[in-house]
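[1] Could you work out the structure for the sequence below:
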Amino acid sequence: MGFVWFLGWFYFYLLATASSLAEKENEEAVLNQSGGGRGGVRMTIHHVHGPGSSLAPQPPVSFSDVLAWDEARVKALNSRLTKRPKNDTRYTKSVNVPLNPGASIGTGNYYIKVGLGTPPRYYSMIIDTGSSLSWMQCKPCAIYCHVQADPVFDPSASKSYKPLSCSSSQCSSLEEATLNDPLCDTSSNVCVYTASYGDSSYSMGYLSQDLLTIASSQNLPGFVYGCGQDSEGLFGRSAGILGLARNKLSMLGQLSAKFGYAFSYCLPTSRGGGFLSVGKASIVGSAYKFTPMLTGPRNPSLYFLRLTAITVGGKAVGVAAGDYYRVPTIIDSGTVITRLPMSIYTPFQQAFVKIMSTKYARAPGFSILNTCFKGNLKDMAVPEVRLVFQGGADLNLRPLNTLLQIDEGVTCFAFAGDNGIAIIGNHQQQTFKVAYDVSTARIGFAPGGCN
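    Presented below is the predicted three-dimensional model:
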């Protein structure tokens, strides 16, 4: 009753002031690991529509819905950057966990399976480079829990669960992590978090600690996360979010003391599998080209970098250098379609259309994708698109990164113009290895697929 009463008071305050299959699959993946020891753990992953998948969309997700959610995501990122800023050894280990296309849980993003509690129960969690605080829906769902693919986590069944007090240091860190002030349920002296996403999506609940299991031999005692009692919005059928942003409360920040402040991933297409690897060892062994990791003063937890050029068919797009430098650029795991300011998008789109229109007739636009062609992606001859970043790092995009087939015989340019920030979306990152070396402030790209 304490939390229900508290939320009722909080909503009034806002108005007044502002108007066991998943577990089995995960255990099998650990048993089939291809590495271990000092190099970490690498687990096999399966495509969501492959044999044994239990996460089929319910109901099926339309592509128009994915694009609508993507627009909400971009608005959320832009809104965060309008908020006022707050004051604010060598490693040989890494951990690799499976990464799956999020369509199976009703989102356009990516998820991994992790264990929480003692004994551990396994859950499908969205990974998000734009989020700091991790949270998971928890019983008793005092206000509302959205429908999720896995059973809702029950804190009372975990021997290692612990709610955090209002006076804890972690509670004091919530403002920096969530851009929202921490609150206190005075009836139980438990810290209350609010994670809001600028698009009316939010999660609210108790700040807690428990044992996080990311592989049979790798875990994190005392993992700080939000135990959600009211979660509403665009989270699909996931159990919650795992934050990978630059913040001490993120999953990355909490794992950094053990493995090093770095991670890498390969985002798969809907036909394959990828990986998430945490630790300094995860960024070695591939032919990465690095660019400086920049920091935005309004939101230092996000991953900024500098786009310096775009080429189409080997020729540079006619954009002045100042236009690239004036607009901040974020790389984001949660945005699907890359957004570019109109001063860059327009000449880029025109250069691409100039080549494609000699071979393919134009088709009507679709949602935010205003440049479409008649034809199927697999049959198209597509000019190479190259995104170049400061220092020479680049993404040499394949046709599957440049175009999206939205219907039989209709394929669209997978970029969109925007009046806000530039965002490198996950469609353009698919099948590339992307390294985030936070300890030395650099981001790297390597081709070669997710194997």
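[2] Let me know the next secondary structure element after the helix or strand encompassing residue 324.
    Residue 324 is part of helix 321-326, with elements assigned from DSSP states H and E. Per DSSP H and E, helix 321-326 leads on to strand 329-331 as the next helix or strand towards the C-terminus.
[3] Partner strands of that following strand, with direction?
    Strand 329-331 has these partner strands in its sheet, going by DSSP bridges: strand 304-305 (antiparallel), strand 422-424 (parallel).
[4] tell me the mean pLDDT for the very next helix or strand once past that strand?
    Proceeding N to C from strand 329-331, the next assigned helix or strand is strand 338-341, under DSSP H and E. Strand 338-341 comes out with an average pLDDT of 96.
[5] now the helices for the stretch 251-400 of the chain?
    251-259, 321-326, 342-356, 399-402 (DSSP state H, counting those that start in this stretch).
[6] Tell me how far the second one lies from the chain's centre.
    A distance of 26 Å separates the centroid of the chain from that of helix 321-326, by Cα atoms, centre = their mean, to the nearest Å.
[7] Can I get that helix in PDB? Just the C-alpha atoms.
    The C-alpha trace of helix 321-326 is given here as PDB (Å, rounded to 0.1, in the frame of the first residue of the first chain):
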ATOM      1  CA  ALA A 321      32.900  21.100 -43.500                       C
ATOM      2  CA  GLY A 322      31.300  23.600 -41.100                       C
ATOM      3  CA  ASP A 323      27.900  21.900 -41.600                       C
ATOM      4  CA  TYR A 324      29.300  18.700 -40.200                       C
ATOM      5  CA  TYR A 325      31.000  20.400 -37.300                       C
ATOM      6  CA  ARG A 326      28.000  22.500 -36.300                       C
END
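[8] Pull out the buried residues from it.
    residue 324 (16 or more other Cβ atoms under 10 Å). For the C-beta atoms, the positions are set from N, CA and C on the backbone; glycine is no exception.
[9] now swap in stretch 151-158 and tell me
    152-153, 155, 158.
[10] Start and end of that stretch, how far apart?
    One end of stretch 151-158 to the other measures 14 Å (Cα to Cα, to the nearest Å).
[11] Okay, residue 114 and residue 170: tell me how far apart.
    Residue 114 is 19 Å from residue 170, where distance means Cβ to Cβ, to the nearest Å.
[12] The residue nearest the centre of the chain pairs with what?
    Among the residues of the chain, the one closest to the centroid is residue 128, at 2.5 Å (Cα atoms, centre = their mean). As for beta bridges, residue 128 partners with residue 243 under DSSP bridges.
[13] List the contacts of it.
    109, 241-245, 333-334 (Cβ atoms under 8 Å, 6 or more residues apart in numbering).
[14] How about residue 377, nearest residue that isn't a chain neighbour?
    Leaving aside its sequence neighbours, residue 377 sits nearest to residue 405 (Cβ to Cβ, 6 or more residues apart in numbering; 4.3 Å).
[15] Count residues in the vicinity of the one you found, would you?
    Counted by other Cβ atoms under 10 Å, the residues lying close to residue 405 total 18.
[16] what does residue 351 give?
    Residue 351, neighbours per other Cβ under 10 Å, totals 21.
[17] ok, the closest residue to it other than its chain neighbours to residue 288 distance?
    Excluding the flanking residues, the one nearest residue 351 by Cβ to Cβ, 6+ apart is residue 312, at 4.4 Å. In this structure, residue 312 and residue 288 are 24 Å apart, going by Cβ to Cβ.
[18] Give the next helix or strand downstream of the lowest-mean-pLDDT helix or strand in the chain.
    None of the helices or strands of the chain scores lower by mean pLDDT, DSSP states H and E than helix 21-31, at a mean of 37. As assigned by DSSP H and E, the chain's next helix or strand after helix 21-31 is helix 63-80.
[19] mind listing what's buried in that next one?
    So helix 63-80, judged by 16+ other Cβ under 10 Å, has buried residues 63, 66-67, 69-78, 80.
[20] who touches that helix?
    Residues outside helix 63-80 that contact it (Cβ under 8 Å, 6+ apart): 103, 107-108, 130, 179, 197-199, 201, 234, 298-299, 302, 330, 332, 334-337, 339, 366-369, 406, 418, 420-421, 423, 425.
[21] Stretch 392-409 too?
    So stretch 392-409 is in contact with 63, 269, 288-291, 352, 363, 366, 369, 372, 374-377, 380, 382, 384-388, 411-414, 424, 427-432, 443-445, 447, going by Cβ under 8 Å, 6+ apart.
[22] Quick one: neighbours of residue 307, just the number.
    The burial count for residue 307: 23, using other Cβ under 10 Å.
[23] Would you confirm that it contacts residue 389?
    Yes. Taking Cβ atoms under 8 Å as the definition, residue 307 is a contact partner of residue 389 at 5.9 Å.
[24] hmm, back to that, buried only: go through the contacts of helix 63-80 for me.
    For the contacts of helix 63-80, buried by 16+ other Cβ under 10 Å: 103, 107-108, 130, 179, 197-199, 201, 234, 299, 302, 330, 332, 334-337, 339, 366-369, 406, 418, 420-421, 423, 425.
[25] tell me which of the contacts of residue 128 is nearest to residue 135?
    Closest approach to residue 135 among the contacts of residue 128 (Cβ to Cβ): residue 241, at 5.9 Å.
[26] Most tightly packed of the strands paired with strand 329-331?
    Among the strands paired with strand 329-331, ranked by average contacts under mean count of other Cβ atoms under 10 Å, first place goes to strand 422-424 (a mean of 25).
[27] okay, residue 196: pLDDT?
    88.
[28] err, residue 100, not the other one
    Value for residue 100, per-residue pLDDT: 59.
[29] Then residue 37?
    Residue 37 is assigned 34 on the pLDDT scale.
[30] now residue 284
    Value for residue 284, per-residue pLDDT: 82.
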